[in-house]
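Student: dropping the sequence and predicted coords here.
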Amino acid sequence: MQAKIIGIYDKLYRLYGPQGWWPLINLNSTNPHKTGAIRGYHPGNYSLPEERNDVYEVILGAILTQNTAWLQAKTALLNLNELNAIAPEKLLSLDDETLKLAIRCAGFLNQKAIYIKEISKFFIELNGRVPKRKELLNVKGVGNETADSILLYAYKQPQFVVDTYTKRIFSYLGLVGEDIKYMELKEFFESNLEKNIAVYNEYHALIVEHAKRYYNKKPYGVNDPLKKLLNQ
DNA sequence: AACCAGGACGTGA
DNA sequence: TCACGTCATGGT
């Protein structure tokens, strides 16, 4: 199984190349035509984010993109940027109506406005410290995937991120059961991969890119090149 | 015009 | 624990 997991990674990496997650709105993309991409992809650069407010921006994006296309989350981030609110203190100073207007394009505006303010308070309290996974899960609006996304992409911690695409692809390919739970699927990857930030970073991003091409409309998996790989 | 997007929470069984 | 309804806008 380990060989398959690594083989799939190698195949996806050869197909799509480094994805350079997480996008940051203030960077110019070096790959403007990537699926779902805006500005901010930085392929092969795993040192980002470095600035405090860039870390914060990744966290905001993780909340805003919950069950929402990244393009819409990005628009919300650009709106917040126009308000100079990609900084926790400034965001918390916004009144709720202004905040909701800025993020409404990302959907779930009422709850996401609450979640964003909650995580902003938490971020300030951290005072630069890297949060524990359990601490993040205690913040309202942060579930398993968002916690792992924040830890991996904002804080560069080795936490594998699982999402609905991951379950869809790997259960379709018969590598895991359809009813596998989040933590089980997370462990499935982490126990079979080297504990490497770049690998975790790219693997999740590559899965999303692959899913957008072959698993975003039914029937899933049509012409998926991974099927050939697994049949060899 | 249905379908779904880089999910999480609250509720009742 | 677990299945299920709810949250909401916008692109394809």
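Tutor: Happy to help now that I have it.
Student: identify the residues contacting whatever residue of chain A ends up closest to DNA strand B.
Tutor: Nearest residue of chain A to DNA strand B: A:Gly143, at 2.4 Å (Cβ to the nearest atom of the strand). To be clear about C-beta, it is placed using only N, CA and C from the backbone, and glycine gets the same treatment. For A:Gly143, the contact set (Cβ atoms under 8 Å, 6 or more residues apart in numbering) comprises A:Leu137.
Student: quick check: it vs A:Pro49, distance?
Tutor: 22 Å (Cβ to Cβ, to the nearest Å).
Student: likewise for A:Val55?
Tutor: Applying Cβ to Cβ to A:Val55 and A:Pro49 gives a distance of 5 Å.
Student: mutual contacts of those two, please.
Tutor: Joint contacts of A:Val55 and A:Pro49 (Cβ under 8 Å, 6+ apart) are A:Ala154.
Student: ok so, going back, give me the pLDDT value at the residue of chain A closest to DNA strand B.
Tutor: For A:Gly143, the pLDDT comes out at 98.
Student: can you check A:Lys34 too?
Tutor: So A:Lys34 comes in at 50 (pLDDT).
Student: tally of neighbours for the residue of chain A found nearest DNA strand C?
Tutor: The minimum distance from chain A to DNA strand C, using Cβ to the nearest atom of the strand, falls at A:Gly107 (2.5 Å). By the measure other Cβ atoms under 10 Å, the count of residues near A:Gly107 is 17.
Student: could you do A:Ser120 as well?
Tutor: A:Ser120 has 22 nearby residues by other Cβ under 10 Å.
Student: can you tell me the SS state at the closest residue to the residue of chain A closest to DNA strand C other than its chain neighbours?
Tutor: In space, A:Gly107 comes closest to A:Thr68 once its chain neighbours are excluded; the distance is 5.2 Å by Cβ to Cβ, 6 or more residues apart in numbering. With DSSP: H, G, I helix; E, B strand; the rest coil as the basis, A:Thr68 sits in coil.
Student: what about A:Thr68, how many neighbours?
Tutor: The burial count assigned to A:Thr68 is 16, neighbours taken as other Cβ under 10 Å.
Student: what of the one 4 residues further on?
Tutor: Other residues near A:Gln72 come to 16 when the count uses other Cβ under 10 Å.
Student: tell me the contacts of the residue positioned nearest the centre of chain A?
Tutor: The residue lying closest to the centre of chain A (Cα atoms, centre = their mean) is A:Ser149, at 5.0 Å. Contacts for A:Ser149 were tallied using Cβ under 8 Å, 6+ apart; they are A:22, A:62, A:161.
Student: fine by me, we can end here.
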